[in-house]
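> this one's structure only:
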Ligand SMILES: CC(C)(COP(=O)(O)OP(=O)(O)OC[C@H]1O[C@@H](n2cnc3c(N)ncnc32)[C@H](O)[C@@H]1OP(=O)(O)O)[C@@H](O)C(=O)NCCC(=O)NCCS
């Protein structure tokens, strides 16, 4: 079936929450405690948060659908006139490694080029090798590392940048 990538609609918030929560738990189950995963799901992935981001002019929120099945999403938010932060890029496990992550990124890049944005930043948990390999493959490079406190847990993040030419 055909793949469609387009702007998210608020009527899809519940389906988006479901893709986010499932993929987040699968990705981080060996990295974070179930307590932290639960807190992130109820806080970061709340319908209120998702709806607010879809409606925001400072956020690019695109979804990937196969037929009518919502299987992936990307969000990027504006930091300043030259830079956006890639906040989320999620593809359901059963659809990973089919080029969908790369296509979600390519569509967002078209939008950012039109806005004359110069760079995209992303921070990845350092044990999330799959995502780090993915970002290297699509043209990001590492610029630093930092630690942060996430609900009482120290986490280590790799900082990466993509320069838009
Ligand atoms: C990271 C993620 C978005 C990649 O999406 P995807 O649709 O599977 O990636 P693509 O099929 O477009 O992969 C493009 C290239 O990236 C690299 N890549 C992707 N997944 C990889 C993996 N598991 N291991 C190593 N390299 C990988 C490969 O070079 C791949 O090209 P190839 O398949 O021709 O070798 C997806 O794995 C995912 O949703 N992970 C869970 C959530 C997450 O960690 N998101 C990132 C943090 S915001």
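The structure has been received and is ready for your questions. Keep in mind that this is a model prediction, so the values were computed, not measured. Residues are numbered from 1 along each chain as shown.
> Which helix or strand in the protein has the lowest average pLDDT?
Least confident helix or strand of the chain, by mean pLDDT, DSSP states H and E, is helix 34-43 with a mean of 87.
> can you tell me which residues contact the residue minimising distance to the centre of the chain?
With distances taken as Cα atoms, centre = their mean, residue 88 lies nearest the centre of the chain, 1.3 Å away. Shown here is residue 88, whose contacts under the criterion Cβ atoms under 8 Å, 6 or more residues apart in numbering are 20, 73, 74, 75. The way it works is simple: take the backbone N, C-alpha and C, and place the C-beta from them, glycine included.
> secondary structure element for it?
Residue 88 belongs to strand 83-91 when elements are defined using DSSP states H and E.
> Is the ligand within reach of that strand?
Yes - for a cut-off given as Cβ under 6 Å from any ligand atom, strand 83-91 has contacts with the ligand, namely 88, 89, 90, 91.
> Identify the residues contacting the next helix or strand after that strand?
Counting by DSSP H and E, the next helix or strand C-terminal to strand 83-91 is helix 100-114. If you take Cβ under 8 Å, 6+ apart as the criterion, helix 100-114 is touched by 3, 5, 60, 62, 64, 71-74, 76, 84, 86, 89, 91, 120, 134, 137-138, 164.
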